[in-house]
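# Take a look and give me a structure for this.
(chains A and B)
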Amino acid sequence: MSAARWRLAATPLAAVAAGLGVTGLSGLVTFGAWLAPLAAIMIATTTVIVLTRLATARPFIPTLAGGIAAAWLLMVAYVPADDGGIRWLPGPGTPAAVATIAREAVAYAEATVAPATVTPELAGAIAAGALALMLAVDAVAVGAGLAATSGFILLIPWLPALTLERKVPTLALAGTIAAWLGVVALSRRSERGAWRARAREGAAPAPAGIAALAIALTLVVGLGAAPLAIGGPGWGQMPRIALPASLGGSSRLDLEIDLRDSLTTRSAEPVLAYTSTDGRLDVLRAYSFGTFDGTRWDRDPEGDTVAANGVLWPEALASASLSDPGTVQISIGNLSETRVPVPSAPRSLAAGVEWRYDASTDEVLVDRAEGTRGLSYTVRKATGYTTEEQLRASDALIEAGGDDAVPARYLDLNERMDIDAIRAIAVAQTDGAADRFEMALRLQEYLRGPRFVYDTEVAPNGDDAVSTFLEDRRGYCVQFATTMVVMARTLGIPARMAVGFLGGVQDGERYVVRGRDAHAWPELYFPGHGWVRFEPTPAVQTGARPVYATPEVSVPQNPLVDEPNPRSTVLPQQQAPTTAPAPAPVAAASDSGWSPWLLTLIPVLLLSVAGAVWAGRRARRGAIQDPESAWAFLRRGLGARAGDETLTPAEAEQWIVGEGPELGDEARAALASLRTAVEDHRYAPRGTEATAEQMSLWVTTIVDAAKESDRGARSRVDA
Amino acid sequence: MTTTVPTADQLAEVSRLAQRVREQLDTVLSGLDDAVDATLATVLAEGHLLLEDVPGVGKTTLARALGRALDATVGRIQFTPDLLPSDVTGVSVFRGDEHRFEFRAGPVFANIVVADEINRASPKTQAALLESMQERSVTVDGETRALPAPFLVVATQNPIDMEGTYPLPEAQRDRFMTRIAVGYPTSRDEVAMLDAHDGHDPLNDVRAVASAADLTRAIGIVRGIYAAPAVKQYLVDVVRATRETADLRLGASPRSSLQLLAAAKARAAMAGRDHVLPDDVKSLAVPVLAHRVIPSAQARAAGRTAEVVIQDVLSRVAVPAARAPEPLARG
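Numbering: from 1, shown residues only, chains lettered A, B, ... in the order given. Below you'll find the predicted structure:
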């Protein structure tokens, strides 16, 4: 029972360091109850590893045992049986079930926006990644004794937070580093001395080889598995700005919107924070843009404003039931706008300052020199105001000339655009659509489809940016929104562009909106209902569609999900029933990337592990072929007066026990066995019957015991 | 002479015998483990034992206890300056009634001969004993009579109080397989000794635990102990090193090599091993070699005794690691 004590202590420390890595995902997913089973599995796995370490001195067997335990626990926790119960034992259907979960997790991660609500599938994927990370850290830091190297692995879950968010939970990161340093310190204490002597005598190819392999593994895992563990290729691009955001200093939305400009500024500065009774808001709307000249947008002229009376969108919401109002409390930080960002379907606004409402643009004006900076206000909004039924019901009003209620500029098309070509595409995409709602939905899905790529770099050429975009199919939210507006207008639907912010990231009870959450989206007019937001910008930037604008078949741009997914009800905004026929599914696009990745990654990982095992065994076998080499290896390793040829094996053993590192009973027994084997080999008539494997095991046991021994660290006689 | 390696049962028999004798000796002498071990090794290797130390440390007691523990005939000779060779070997006396000479066997006709203070006798008498030790037979009046087997001489010698004594010359000392310095007991052992002697002679408690036949059989087993070439080489290296070191005027003889190996085999057998280890050689080198070598003048001037020089030699001779002949059948 003399498993290295430092290993026993280092195992939970390494687990803590790896487990805290999960908090590095705080910018990508919302934390909640799903953390509990993950923590439980991690604790159970760590317990298994520690118990195995108590029972064996082999370095990697405990990690292996932990891996098996973790795999089983993950299966029990995250892979339900076919009948929906708990899957206690793996069966023939298990791989398929796991693959389904992985697909769903990736599809969901791709379809949602950070911070994502964690579905069971995503939780399973995160848990699998976290456990794999923990086991890798355990194998490298504790098993191989390369505690410092394990830092590379520990860094992996923090990479998105460090490189993209630039904001990490400091305490958790500090805890990770502290735990890691603890592991390093523990291993260093035992490394000094005995192993230094060994390395000096050139017997260190095994650690060196393992170190090289570990680094290679780390790179592979870091480059390959991290996005996978986090949830799919979409994540990496997520936290980008959707609109020219801040102009340095105090933040302002860039209202000089030109489609030929690339998106360059990505401000992580928080601009406002809010609490909401309705959860995360889709958008916060500030400005309306109605006039487009082919490349640039112009603000809507200020219309008749009404003084603050507390009622917003009065006509449009008149018909809506307001029995279930939501309340949003918004605090604006360093954001100086002339228009107050308000959630969709606002009803009333209570602020401590004068404000006016422009009914023609639906903007809320504030007459202060500093604009909205430092403003705190409460908005009551209609919850679930827009529904598919209401949008479809407006068709009757369209026939009756309901569109006349809005200014004609919302149907203007500048001559510089190739209107006919654009209209042709729009008509083709909406062919067979029953009503305006369905047309809008199809335009949205067309732009959200896989043909269009979210890209902050755009080519600045031509006077007809929309046509350019329809050819290049690369752009950011402004291109997507503008194109949908223009296409809608070619179909005779009044449309305008709204500018504001996405709903931001949850931070405790609040949601924080940053400069890079700035966004632009199209609004289409539905008589009798008002202006309705659609979301043509791909999910990678904007997340899920608005509830009412979600086609029945979810996520059609993801070819991996090719059937209605009963579990996808977890998408919080997909619950609205819809009877609309599905928009024509877009042609199957190329794989979104993760499966070929996985296919290459798994063999690489397996090869690396096999290589590490092979190299380790070879190094040891090279050193231990017969009792003489085992004995010489051990004496060198322990510094047992290695050069003193006058010691008999028994005397050397006596020296090791008396003067050398403190050994436990197990190691002493191994030492005695090895000594007897050497004596028999040298002096007995029949030689020894000990095998190279046995001797290798004995040497490992002794060296492990010596490594952990404090005395081993200090007693250097042959130095 | 047998060359088959003893079986485990045979080895167990030897080690049990050694253990039983050791237990008996321990009842008399406490704290003399090394001396007792060397004594037993000498007995099992058919050697003769020279106990040399100051008076009163238990030399004679050890010798007598050994004689009692082995169920064998014990002859005791107290050597004095006027002791005659015939007092040792025996004498032919004329039986007038039978008109013939009858041989009266001397005390040397015994399995174990305890020769007390051997250096007090005249060289002539010493020679009579030493010859019988070497020949294992006695010639009286032209008739050669074999001594019983096993035959073991345990001689004691007092290194001080040399006046009127005839110290054994080096050539004679060579006949003794081992010389053991009993040494003073530790404080605790001495108290234990006082307890043991409290009111009675502990020698009376010593029981015979091995017969002469047992001993003969054990001696035969010991002869079969395997000594690997590496061990023999080591032994020879040690012996040769005594001849080459500047600290010794006279090194160990080839006979000492034979005796050292024999003693080492006995020690291996006592440990239940069927093969000799360098450790056996090391542990017996001083008892076997130290009384045969003569320190040089410089070594003596530097206060280096023969024991110290032998230890020094042991600390310089490398233990060969090379594997001896490859075994025939090895899985």
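# what sits against the residue in chain A positioned nearest to chain B?
Residue nearest to chain B within chain A: residue A:645 (3.7 Å; Cβ to the nearest Cβ). The C-beta positions use only the backbone N, C-alpha and C, and glycine is treated the same way. Listed by Cβ atoms under 8 Å, 6 or more residues apart in numbering or on different chains, the contact set of residue A:645 reads B:318, B:319, B:321.
# what would the residues you listed look like in CSV with pLDDT and distance to chain A?
Output for the contacts of residue A:645, formatted as CSV (pLDDT from 0 to 100; distance: Cβ to the nearest Cβ, whole Å):
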residue, pLDDT, distance to chain A
B:318, 86, 4
B:319, 85, 5
B:321, 72, 6
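# Identify the bridge partners of residue B:226.
residue B:275 (DSSP bridges).
# Residue A:260 is in contact with residue A:478, correct?
No: using Cβ atoms under 8 Å, residue A:478 makes no contact with residue A:260, being 10.2 Å away.
# picking that back up, for the contacts of residue A:645, pick the one with the most neighbours.
Of all those, the highest neighbour tally under other Cβ atoms under 10 Å in any protein chain shown goes to residue B:319, namely 24 neighbours.
# mind checking the SS state of that one?
Per DSSP: H, G, I helix; E, B strand; the rest coil, the secondary structure class of residue B:319 is coil.
# Verify the contact between it and residue B:279 for me.
No: the criterion here is Cβ under 8 Å, and residue B:319 misses it with residue B:279 at 9.2 Å.
# any shared contact partners between the two?
Shared contacts of residue B:319 and residue B:279, defined by Cβ under 8 Å, 6+ apart, are found at residue A:648.
# Tell me how many other residues crowd residue A:673.
Neighbours of residue A:673 under the rule other Cβ under 10 Å: 18.
# tell me which element it falls in.
For residue A:673, the element it lies in under DSSP states H and E is helix A:665-683.
# After that helix, which helix or strand is next?
Going down the chain from helix A:665-683, the next helix or strand is helix A:692-708, by DSSP H and E.
# Quick check: residue A:483 is in a helix.
Yes: the assignment for residue A:483 by three-state DSSP puts it in a helix.
# isn't it right next to residue A:469, touching?
Yes: counting by Cβ under 8 Å, residue A:469 is a contact partner of residue A:483 at 5.5 Å.
# which secondary structure elements does the helix holding residue A:673 contact?
If contacts are counted by 3 or more Cβ pairs under 8 Å, 6 or more residues apart in numbering or on different chains; DSSP states H and E, helix A:665-683 sits against helix A:627-638, helix A:649-659, helix A:692-708, helix B:229-244.
# Now tabulate those in a markdown table and tack on mean neighbour count.
Shown next, in a markdown table, are these (neighbours: other Cβ atoms under 10 Å in any protein chain shown):
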| stretch | mean neighbour count |
| --- | --- |
| helix A:627-638 | 23 |
| helix A:649-659 | 18 |
| helix A:692-708 | 23 |
| helix B:229-244 | 19 |
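# so which of those gets nearest residue A:602?
Distance to residue A:602, taken as Cβ to Cβ, is lowest for helix A:692-708 among the helices and strands packed on helix A:665-683, at 29.5 Å.
# Pretty sure residue A:13 is one of the things residue A:175 touches, is it not?
No: here residue A:175 does not reach residue A:13: they are 10.6 Å apart, not a contact under Cβ under 8 Å.
# Of the helices and strands packed on helix A:665-683, which is nearest residue B:124?
For those, proximity to residue B:124 was assessed by Cβ to Cβ; helix B:229-244 is nearest, at 30.8 Å.
# what sits up against that closest one?
For helix B:229-244, using Cβ under 8 Å, 6+ apart, the contacting residues are A:682-683, B:227, B:248, B:251-252, B:254, B:256-257, B:260-261, B:264, B:275-278, B:281, B:285, B:289, B:293, B:309-310, B:313-314, B:316-325.
# Same question for whatever helix or strand comes next after it: list its buried residues.
The helix or strand immediately downstream of helix B:229-244 is strand B:248-250, counting by DSSP H and E. Buried residues in strand B:248-250, counted by 16 or more other Cβ atoms under 10 Å in any protein chain shown: residue B:248.
# So in that sheet, which strands flank strand B:248-250, and in what orientation?
Partners of strand B:248-250, by DSSP bridges, with direction: strand B:294-295 (antiparallel).
# and stretch B:291-311, C-alpha only, in PDB?
Listed in PDB are the C-alpha atoms of stretch B:291-311, where the atom choice follows Å, rounded to 0.1, in the frame of the first residue of the first chain:
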ATOM      1  CA  HIS B 291      44.800 -15.300  11.800                       C
ATOM      2  CA  ARG B 292      46.700 -16.500   8.800                       C
ATOM      3  CA  VAL B 293      48.100 -13.200   7.700                       C
ATOM      4  CA  ILE B 294      50.800 -11.100   9.200                       C
ATOM      5  CA  PRO B 295      50.500  -7.300   9.100                       C
ATOM      6  CA  SER B 296      53.500  -5.400   7.800                       C
ATOM      7  CA  ALA B 297      55.600  -3.300  10.100                       C
ATOM      8  CA  GLN B 298      54.000  -0.100   8.800                       C
ATOM      9  CA  ALA B 299      50.500  -1.400   9.300                       C
ATOM     10  CA  ARG B 300      51.300  -2.400  12.800                       C
ATOM     11  CA  ALA B 301      52.900   0.900  13.400                       C
ATOM     12  CA  ALA B 302      49.700   2.600  12.100                       C
ATOM     13  CA  GLY B 303      47.700   0.400  14.500                       C
ATOM     14  CA  ARG B 304      46.200  -1.600  11.700                       C
ATOM     15  CA  THR B 305      45.400  -5.100  12.800                       C
ATOM     16  CA  ALA B 306      45.000  -8.000  10.500                       C
ATOM     17  CA  GLU B 307      41.200  -7.700  10.900                       C
ATOM     18  CA  VAL B 308      41.200  -4.100   9.800                       C
ATOM     19  CA  VAL B 309      43.400  -4.900   6.800                       C
ATOM     20  CA  ILE B 310      41.100  -7.700   5.700                       C
ATOM     21  CA  GLN B 311      38.100  -5.400   6.000                       C
END
